[in-house]
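Asks: A structural model of the following input is requested.
(one chain, ligands or ions: 1)
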Amino acid sequence: MTAQAIVKFDNVIKKFGEFTAVEKVDFEIGRGEFLAIMGSSGCGKTTTLRMLAGLEDPTHGNIYLDGERVNGKATWNRDTPMVWQSLALFPFLTVRENVEFSLKMRGVGRAERAERADKWLEKMQITEFAKRNISQLSGGQRQRVALARALVTEPKILLLDEPLSALDAHLKVRMQAVLSNLQKDLGITFVYVTHSMSEAFSMADRVVIMSRGRIEQIGTPVEIYREPHNRFVAEFLGSANIFDGVIEGAASDGAGRRVNFEGGSTFISESELNGRPQGDAVTFIVSAENMHLSPADSGQEGVLATVVGEEFVGATAMVFLETETGQELKVQKSHDELTKLDSHPGSKLVVHWASENCHVLPGE
Ligand SMILES: Nc1ncnc2c1ncn2[C@@H]1O[C@H](COP(=O)(O)OP(=O)(O)OP(=O)(O)O)[C@@H](O)[C@H]1O
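Replies: As a prediction, this is how the structure comes out:
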């Protein structure tokens with residue numbers, strides 16, 4: 001375990017009967033890091049978090065928390081509070097009583113409890129609601145109570161399981177800022193499970209992408225976005241066009257080689273091809289914002305495709321096209337540009353891209 005790490009998962013496997021929910025998970029979480037765990041439903045995100053919280057025990061492997069092996073250690077001895085989507089606040093207690101709860105459980109005296117709760121009520125801007133019952137609060141206010149309740153013991157690490165998913169879009173964005181600032185101010189490690197790419201990518205220092213109990217990639221949001229490791233991650237991010245190609249020329253000291261794919265070919269730099277031999281199959285991506293469109297009669301080299309639909313994405317549009325070989329492509333463009341191209345369903349356009357925007361998936 002490196003000195004900066006607060007958590008280490010060492011070859012952790014979790015089985016429920018014969019079913020493997022988490023398969024050989026091996027990673028560290030840095031002290032003070034905001035780590036998001038993402039993946040599709042059922043991929044093992046929550047089970048991973050629950051093992052860290054002590055709510056599940058690993059079937060194999062070890063979990064270390066702050067240098068100590070914690071397999072089998074009870075959750076109440078771990079100091080790993082968790083904030084859930086359901087929040088699990090006590091409806092029969094007031095806001096203040098909720099916030100004081102874990103201090104009371106630890107035998108902290110009345111005066112100190114009140115003082116510490118006051119500090120967190122104030123920090124979370126809910127002092128004015130201290131005497132209210134939970135049922136008398138809005139969704140955002142409940143979130144703040146849940147955070148105050150979890151943080152009042154001043155833990156080194158906070159576990160969050162889809163804490164914002166029940167909130168409406170506007171409130172979600174506001175709470176993202178609250179969480180992000182809180183984490184930076186306190187310097188506490190946050191481990192944050194979410195389905196939402198926008199939440200993970202806007203808040204986290206690093207993101208773990210899981211699929212079927214395995215880690216597909218760990219990296220900063222920019223690394224994962226620009227350089228997805230494999231097809232699963234590229235598809236999960238949803239913004240890339242994925243091509244299966246075959247390398248035409250032999251590796252050399254040159255700048256790159258041609259790669260043929262069904263319905264076209266492109267030049268890819270040698271740094272991306274990484275010395276792979278001639279004839280090797282490669283999977284590469286080009287992100288939607290790096291794709292360009294030109295009129296079919298422009299003489300532009302590229303792939304001829306037919307527009308099948310458009311989706312409004314704020315200031316831009318995502319144009320969906322189908323090539324003559326049946327491959328679906330997506331291209332993100334400004335509305336102005338699309339108007340100039342007179343793009344509409346049925347239009348034939350040439351899709352093209354710069355070779356430096358081709359990224360070969362190393363894990364394929
Ligand atoms: N107690 C259990 N007994 C049996 N199977 C379980 C148990 N808990 C989880 N699983 C299974 O393990 C797999 C991973 O579950 P987990 O809750 O970790 O997924 P997740 O990625 O958090 O999914 P979601 O995003 O839907 O919450 C799922 O297939 C789930 O059905």
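Asks: Do you know the pLDDT at residue 309?
Replies: If you check residue 309, the pLDDT there is 95.
Asks: Quick check: closest non-adjacent residue to it.
Replies: residue 320 (4.6 Å; Cβ to Cβ, 6 or more residues apart in numbering). Quick note: C-beta positions are derived from backbone N, CA and C, even for glycine.
Asks: Does the one you found lie in a helix or a strand, and which?
Replies: strand 316-323 (DSSP states H and E).
Asks: How about residue 351?
Replies: strand 348-352.
Asks: and that strand, which strands flank it?
Replies: strand 292-295 (antiparallel), strand 303-313 (antiparallel) (DSSP bridges).
Asks: Off-centre distance for the last one?
Replies: On the basis of Cα atoms, centre = their mean, to the nearest Å, the separation between the geometric centre of strand 303-313 and that of its chain is 27 Å.
Asks: Also the first one?
Replies: Between the centre of strand 292-295 and the centre of its chain there are 32 Å (Cα atoms, centre = their mean).
Asks: now swap in stretch 269-281 and tell me
Replies: 29 Å.
Asks: Show me the contact partners of it.
Replies: With Cβ atoms under 8 Å, 6 or more residues apart in numbering as the test, stretch 269-281 has contacts from 244-257, 259, 282, 284, 355-356, 358-360, 362.
Asks: What subset of these is buried?
Replies: 245, 247, 256-257, 259, 282, 284, 358-360 (16 or more other Cβ atoms under 10 Å).
Asks: Going by distance to residue 47, which of the residues you listed wins?
Replies: The closest of the buried ones among the contacts of stretch 269-281 to residue 47 turns out to be residue 359 (Cβ to Cβ; 31.3 Å).
Asks: can you tell me which residues contact the closest one?
Replies: Contact partners of residue 359, counting by Cβ under 8 Å, 6+ apart, are 226-228, 272, 284-286.
Asks: which secondary element of the protein has the worst mean pLDDT?
Replies: When each helix and strand of the chain is scored by mean pLDDT, DSSP states H and E, strand 82-84 comes last, with a mean of 85.
Asks: near the ligand at all, that strand?
Replies: No: using Cβ under 6 Å from any ligand atom, strand 82-84 stays clear of the ligand, coming no nearer than 11.0 Å.
Asks: gap between the two ends of stretch 84-99?
Replies: 15 Å (Cα to Cα, to the nearest Å).
Asks: who touches it?
Replies: 101, 117, 120-121, 126, 129-135, 137, 142-143, 145-146, 148-149, 152, 161-163, 165-166.
Asks: are any of these buried, and which?
Replies: Looks like those have 101, 117, 120-121, 126, 129-130, 133-134, 137, 142-143, 145-146, 148-149, 152, 161-163 buried, using 16+ other Cβ under 10 Å.
Asks: The closest residue to residue 157 other than its chain neighbours: how many residues sit nearby?
Replies: Spatial nearest neighbour of residue 157, chain neighbours left out: residue 189 (4.3 Å); criterion: Cβ to Cβ, 6+ apart. Using other Cβ atoms under 10 Å, the number of residues around residue 189 comes to 24.
Asks: With that, I have no additional questions.
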